[in-house]
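Below are the sequence and a predicted model for it; my questions follow.
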Amino acid sequence: AGGDGLAVEDLRVRFGGLVAVDGVSLTAPLGRVTGLIGPNGAGKTTMFDACSGFNRRFRGRVLLHGTDITRLPPAARGRRGLGRTFQRVDLCDSLSVAENVALGREAGQAGAGFLSQLAARPAESRTTDGAAAAAMELCGIADLADRQAGSLSTGHRRLVELARCLAGPFDVLLLDEPSSGLDQEETTRFGDILSRVVDERGVGILLVEHDMGLVMRVCQHVYVLDFGKLVFQGTAAEVAASDIVRAAYLGDDHVMEAIAEEAPA
């Protein structure tokens with residue numbers, strides 16, 4: 001816990017005349033859930049795109065486990081332990097849950113040779129099966145292993161997506177609005193699983209989330225973006241008490257009520 005995970009130094013992203021991210025620095029160490037919040041358009045997903053390599057036209061540095069990965073493509077970052085989910089759940093609906101989860105491990109095992117794309121070695125197959133089973137058990141979906149992914153509820157699809165990340169060789173996870181589409185009960189369960197994942201695996205999670213109740217309950221440290229700038233950082237309690245955060249969410253009473261209700265005393 002607390003080891004080097006992800007670090008971003010003075011990140012700046014510009015789209016033409018629009019500065020989407022303006023000199024942001026943050027850390028998401030291992031063994032902790034770190035929150036990244038802010039109103040719509042604050043630059044959160046743009047941060048994720050830069051961190052994961054989907055956008056490499058930026059200034060600043062991205063480090064993983066203390067190593068500079070700024071110029072590496074997404075696959076190379078993945079091989080070094082960086083996993084990501086997206087706002088829109090994207091599963092292979094015709095495959096089973098177990099097959100979807102196994103992709104998190106299989107994709108990294110496929111090499112440059114043609115045959116390695118078609119069939120795995122026996123040892124690789126055993127590794128994949130074991131990683132997928134462990135990930136499904138951790139996420140509480142082992143009983144759904146043989147179900148077709150296309151038949152699942154939104155809540156279960158989100159858990160399959162998380163399990164796919166956990167089956168892979170990733171110890172730093174970027175989760176982009178994972179509770180989107182979930183009801184309150186499903187969101188509570190999802191938050192419990194995130195805490196369990198950190199406790200049992202020691203992974204680091206950087207969580208972009210609009211459900212402030214979830215953020216306040218599971219995040220040990222929270223960064224707040226507004227118009228591409230880092231305007232505040234601190235514990236959940238400090239975020240809840242901050243006038244700066246309230247100003248960023250001015251007019252959104254629902255958000256502020258959630259922050260006030262869920263923040264620890």
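It's in. Numbering: from 1, shown residues only.

Okay, and the beta partners of the residue nearest to the spatial centre of the chain?
Nearest residue to the geometric centre of the chain (C-alpha atoms, centre = their mean): L175, 1.7 Å. Counting by DSSP bridges, L175 forms beta bridges with L207.

And it, how far from R126?
28 Å (C-beta to C-beta, to the nearest Å). No exception for glycine: its C-beta is placed from N, CA and C like everyone else's.

same thing with L152?
Distance of L152 to R126, given as C-beta to C-beta: 26 Å.

ok, those two, which is more surrounded?
Neighbour comparison, L152 and R126: the larger count goes to L152, with 20 against 11 (by other C-beta atoms under 10 Å).

wouldn't the more buried one be in contact with E161 here?
No - the criterion here is C-beta atoms under 8 Å, and L152 misses it with E161 at 10.5 Å.

Remind me what the helix or strand encompassing E238 packs against, helices and strands.
Using DSSP states H and E, E238 maps to helix 236-241. For helix 236-241, the contact count by 3 or more C-beta pairs under 8 Å, 6 or more residues apart in numbering; DSSP states H and E identifies helix 212-218, strand 221-226, helix 253-262 as packing neighbours.

looking at those, which has the lowest confidence?
Looking at those, the lowest mean pLDDT belongs to helix 253-262 (a mean of 60).

where are the low-confidence patches of the stretch 151-265 of the chain?
For the stretch 151-265 of the chain, the stretches with pLDDT under 70 are 250-265.

What is the burial count for G150?
The number of residues near G150, taken as other C-beta under 10 Å, comes to 11.

ok, now Q87?
Neighbour count of Q87, defined by other C-beta under 10 Å: 13.

That one falls within a helix, correct?
No - using DSSP: H, G, I helix; E, B strand; the rest coil, the secondary structure at Q87 is coil, not a helix.

From what I see, it and L175 are in contact.
No - judged on C-beta under 8 Å, Q87 makes no contact with L175 at a distance of 10.1 Å.

buried ones in stretch 28-44?
Across stretch 28-44, burial judged by 16 or more other C-beta atoms under 10 Å covers 28-39, 42-44.

What of stretch 77-84?
Residues of stretch 77-84 classed as buried: R77, G78, R80, G81, L82, G83, R84 (neighbour count, 16+ other C-beta under 10 Å).

Among those residues, which are located in strands?
With DSSP state E as the criterion, strands contain L82, G83, R84 from among the buried residues of stretch 77-84.

Quickly note the distance from the first one to E177.
Spelled out, it's L82. Going from L82 to E177 by C-beta to C-beta gives 18 Å.

The residue nearest to S96 when sequence neighbours are not counted: what's it in contact with?
Excluding the flanking residues, the one nearest S96 by C-beta to C-beta, 6 or more residues apart in numbering is D146, at 5.5 Å. Shown in contact with D146 (C-beta atoms under 8 Å, 6 or more residues apart in numbering): S96, V97, A98.

By neighbours, which of these wins?
V97 (27 neighbours).

which stretches of the protein form strands?
Assigned by DSSP E, the strands in the chain fall at 6-15, 18-28, 32-37, 59-64, 67-68, 82-84, 172-176, 204-208, 221-226, 229-234.

Could you pull up the mean pLDDT of stretch 103-114?
According to the model, stretch 103-114 has a mean pLDDT of 74.
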